[in-house]
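**Student:** Below are the sequence and a predicted model for it; my questions follow.
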Amino acid sequence: MTAHSLATFVGNPVPQIVFAVFLVLAWPLSRLAGRDTGRRAVAALFLVSAGMIIALTATPSYTDPASYSAIPPHFLTELDQPRVIWAKLTAAPSDAEQIANIALYVPLGIFGRLLWRSTARATVCGFVMVLVIETVQYVIPGRAGSITDIRNNTLGAFLGAAAVSLVLLAQTERRPSVRRTR
C-alpha cells in the first residue's frame, strides 16, 4: 500500500464501491458468528477490515501507462528462482510501503484473534487472504503480486493477533486467582 494506492482509492469509484459493499454486508453476515452481540461486532469489524484490504489491494490501479515498466515482476514469474524468493522472504522490511503493508493487516489479525480465539488461525487467515489477493493481482491492471507483500501482510496479521494474545494474557495474570472449594 503506497500513497499512490491510497490516492487511487480516494479518486477511483471501484475501490470505494467494493469497500461500501463490505460495510453494508458486514453486520448481516456477522450473524454467522452466532447470536452473541459482542462476537457479532467482532465478526463485523473483521469483515470491514477484510473489505478495506480488498478495496486497497484487489482493485485495478489506474496508473500512467509509462509507469507499467516500473511495476516489478509478479511473484508467480519468480517461482523457478528459489534463491530470489528466499532472499526476499528473509530480508527485513526496508521502506515505508513495506511497513504500511504490515500495518494494513494488523486489524485483520486483531479481529481474527478475537473471533477465533487463536493466534495461529488469525495468522493463517491473513496468509491465505494475502496469498489469494497477490495471486489474483496477476490479472488486475496495474497490480503486481510480490513475495515481500505476502511476507509483510502475514507478519501484520500475526502481530495483530499476538498483540491481542499478550493483552489477554496480561489481564489474566493481573486477576487474583480464585480458589474453588469442593
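**Tutor:** Right, received. Where do you want to start?
**Student:** how distant is the regular element (helix or strand) spanning V42 from the center of its chain?
**Tutor:** Using DSSP states H and E, the element containing V42 is helix 37-57. How far helix 37-57 lies from its chain's middle: 10 Å, per C-alpha atoms, centre = their mean, to the nearest Å.
**Student:** and what of stretch 162-172?
**Tutor:** 21 Å.
**Student:** now do stretch 31-44
**Tutor:** 20 Å.
**Student:** Can you give me the buried ones in that stretch?
**Tutor:** 33, 40-44 (16 or more other C-beta atoms under 10 Å). Quick note: C-beta positions are derived from backbone N, CA and C, even for glycine.
**Student:** Could you dump those into a markdown table and include distance to L56 and pLDDT?
**Tutor:** Putting these into a markdown table (distance: C-beta to C-beta, whole Å; pLDDT from 0 to 100) gives the following:
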| residue | distance to L56 | pLDDT |
| --- | --- | --- |
| A33 | 24 | 80 |
| R40 | 25 | 88 |
| A41 | 23 | 91 |
| V42 | 21 | 91 |
| A43 | 21 | 91 |
| A44 | 19 | 90 |
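**Student:** Go through those residues and name the one nearest F111.
**Tutor:** V42 (5.6 Å; C-beta to C-beta).
**Student:** which residues does that closest one contact?
**Tutor:** With C-beta atoms under 8 Å, 6 or more residues apart in numbering as the criterion, the residues that contact V42 are 33, 111, 114-115.
**Student:** Now rank the residues you listed by neighbours and give me the top one.
**Tutor:** Highest neighbour count within the contacts of V42, by other C-beta atoms under 10 Å: F111, with 25 neighbours.
**Student:** Now do the strands in the chain.
**Tutor:** Counting by DSSP state E, the chain has no strands to list.
**Student:** Isn't S146 up against F75?
**Tutor:** Yes: the criterion here is C-beta atoms under 8 Å, and S146 meets it with F75 at 5.3 Å.
**Student:** which residues are in contact with both of these two?
**Tutor:** Residues touching both S146 and F75 by C-beta under 8 Å, 6+ apart: E134.
**Student:** Who are the contact partners of A43?
**Tutor:** 26, 29-30, 32-33, 111, 115.
**Student:** Next: N153.
**Tutor:** So N153 contacts 101-102, 104-105, 126-127, 129-130 (C-beta under 8 Å, 6+ apart).
**Student:** Fine by me, we can end here.
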